[in-house]
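A.B. asks: Predicted model and sequence below, questions to follow.
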Amino acid sequence: MSILVTGGAGYIGTHTCVELLKENYEVVVIDNLSNAKKEALNRVEKITKKPIKFYQDTVLNESALEHIFQENRIDCVVHFAGLKAVGESVSNPLLYYENNVKGTITLLKVMKKFNCKNFVFSSSATVYTAENPILINEDEPLGANNPYGRTKLFIEYMLKDLYASDSSWNIAILRYFNPIGAHPSGLIGENPNGIPNNLMPYIMKVATGELPCLGVFGDDYDTPDGTGVRDYIHVVDLAKGHVLAIEKYSEPGVHICNLGTGVGYSVLDIVKAFERVNGVKINYEIKDRRPGDIATCYADPSRAKKELGWVATRGIDEM
Ligand code: UFG
């Protein structure tokens, strides 16, 4: 079975390619390398000792996609390609709507043309409204609060409409919580361009001395130590969730599933674990709250267990 992985050279993409190759899927990647390097795919091949067919292009390029479907018999598409920086999406929303929404429309049109109707979408916990209960299940109300989040939400609605129009589509929507960590080989991991927005890559750049100090955004939240609490999930667990989604969601439908652990850790829990496991000191200072952040957010992961037989097995120290 042949899987097209869009954005396959990125952080979650590369880890998913490893797990797919380990399960003997053939993997074809399209990535424009805007926030990734080809070297990451070479390393996936090194880890798995299996080849990847790579196309450097964007999912906005309809003829490039058609060319891929002509050259390969694609059975299923796992769609990661997209932009994901919340702040950038606020200052440049059209870039986000074009890349994420138009890119997905272009991809789905080509899939339809080639009668490939198995689709796994990389969604996010950001599609839940901030007013939700602390333990979020898939039926909670939706409503993103920034352009990046809205692109994910609009794509979810689009996928539901697509299925309503043609019930032969088999669509999995996976809502990730906070993926962190790296492959145990040490060969692949998260390495964003520029100054990181997210906690873990920022901590790593402080650890390596590339940045002087971590800003902790608020210590006056209603949480055990006052810093924000999130559901961090190891990227290898997350990647395995995608393989299971391909296998278990084998019937047409729109299958929506959280991928999280159901356990929350604070910013300072993460900093302390990082220091303990790696034997390094992380300089940090308490800053103001970051606009748009909430105190606590973690997944009810019970549907993933029931429908996919999936549970996260890697804890905070491995992350
Ligand atoms: N944080 C800091 N300092 C930093 C970066 C983050 O203190 O330099 C804190 C945040 O305030 C928050 C926690 O660390 O409490 C996690 O922040 P991240 O930016 O790592 O992650 P978010 O929870 O804000 O967002 C992540 C993804 C989004 C996704 C969202 C879904 O980055 O893409 O989860 O909930 F939409």
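C.D. replies: Here it is on my side, so go on. The structure presented is a predicted model; accordingly, all values stated were derived computationally and were not measured. Numbers count the residues shown, from 1 in each chain.

A.B. asks: you'd agree residue 233 is in a strand?
C.D. replies: Yes: according to DSSP: H, G, I helix; E, B strand; the rest coil, residue 233 belongs to a strand.

A.B. asks: which residues sit in contact with it?
C.D. replies: Shown in contact with residue 233 (Cβ atoms under 8 Å, 6 or more residues apart in numbering): 176, 177, 178, 179, 180, 259, 260, 261, 312, 319. C-beta here means a position set from N, CA and C on the backbone, and glycine is covered the same way.

A.B. asks: hmm, try it at 10 Å
C.D. replies: 176-181, 241, 258-263, 298-299, 301, 312, 314, 319 (Cβ atoms under 10 Å, 6 or more residues apart in numbering).

A.B. asks: For it, which residues count as its bridge partners?
C.D. replies: For residue 233, the beta-bridge partners are residue 179 (DSSP bridges).

A.B. asks: now it: how far from residue 121?
C.D. replies: To residue 121, residue 233 is 17 Å away according to Cβ to Cβ, to the nearest Å.

A.B. asks: returning to that earlier point: contacting the ligand as well, which ones from the contacts of residue 233?
C.D. replies: residue 178 (Cβ under 6 Å from any ligand atom).

A.B. asks: List the contacts of the residue in the chain that the ligand sits nearest to.
C.D. replies: Residue nearest to the ligand within the chain: residue 228 (2.3 Å; Cβ to the nearest ligand atom). By Cβ under 10 Å, 6+ apart, residue 228 lies in contact with 199, 216-219, 221, 264-268, 289-290, 293-297.

A.B. asks: same check, this time on residue 84
C.D. replies: 7, 10-12, 35, 96, 99-100, 122, 124, 126, 148, 151-152, 192, 197-198.

A.B. asks: try 8 Å
C.D. replies: Residue 84 neighbours (Cβ under 8 Å, 6+ apart): residue 148.

A.B. asks: Likewise for residue 318?
C.D. replies: 181, 234.

A.B. asks: Let the chain start at 651 from now.
C.D. replies: Got it, the first residue is 651 from now on, which makes the last one we talked about residue 968.

A.B. asks: Restricted to helices, list the contacts of residue 883.
C.D. replies: Mapping the contacts of residue 883 onto helices (DSSP state H) picks out residue 891.

A.B. asks: are any of the contacts of residue 883 buried, and which?
C.D. replies: With burial judged by 16 or more other Cβ atoms under 10 Å, the buried subset of the contacts of residue 883 is 826-831, 891, 908-912, 948-949, 951, 962, 964, 969.

A.B. asks: Could you tell me the per-residue confidence at the nearest residue to residue 843 once chain neighbours are set aside?
C.D. replies: Excluding the flanking residues, the one nearest residue 843 by Cβ to Cβ, 6 or more residues apart in numbering is residue 685, at 5.6 Å. Looking at residue 685, its pLDDT is 91.

A.B. asks: Check the one 5 residues further on too.
C.D. replies: The predicted structure scores residue 690 at 98 on the pLDDT scale.

A.B. asks: Pull the residues that contact the strand or helix carrying it.
C.D. replies: Here residue 690 sits within helix 688-698, counting by DSSP states H and E. Under the contact criterion Cβ under 8 Å, 6+ apart, helix 688-698 has outside partners 658-660, 664, 667-668, 671-672, 679, 681, 701-702, 704, 706, 833, 835, 837-838.

A.B. asks: can you give me how far it is from the chain middle?
C.D. replies: Centroid separation for helix 688-698 versus its chain: 19 Å, with Cα atoms, centre = their mean, to the nearest Å.

A.B. asks: Residues in contact with the next helix or strand after it: which ones?
C.D. replies: Downstream of helix 688-698, the next assigned helix or strand under DSSP H and E is strand 703-706. Contacts to strand 703-706, defined as Cβ under 8 Å, 6+ apart, come from residues 658-659, 676-683, 688, 691, 714, 717-718, 722.

A.B. asks: Strands of the stretch 751-900 of the chain, residue ranges please.
C.D. replies: In the stretch 751-900 of the chain, the strands defined using DSSP state E, counting those that start in this stretch lie at 768-774, 785-786, 820-826, 828-830, 864-867, 879-880, 882-884.

A.B. asks: per-stretch mean pLDDT over those, give me the minimum one.
C.D. replies: Among these, strand 785-786 scores lowest, with a mean of 87.

A.B. asks: Quickly run through the sheet partners of that one, with directions.
C.D. replies: Strand 785-786 is paired, per DSSP bridges, with strand 946-949 (parallel).

A.B. asks: At the contact with the ligand, which residues of the stretch 801-950 of the chain appear?
C.D. replies: Near the ligand, when you scan the stretch 801-950 of the chain using Cβ under 6 Å from any ligand atom, you find 828, 847-849, 852, 864-867, 878, 880, 917, 940, 943, 947.

A.B. asks: how does it look with 5 Å?
C.D. replies: Neighbours of the ligand within the stretch 801-950 of the chain, by Cβ under 5 Å from any ligand atom: 848, 849, 852, 866, 867, 878, 880, 917, 940, 943.
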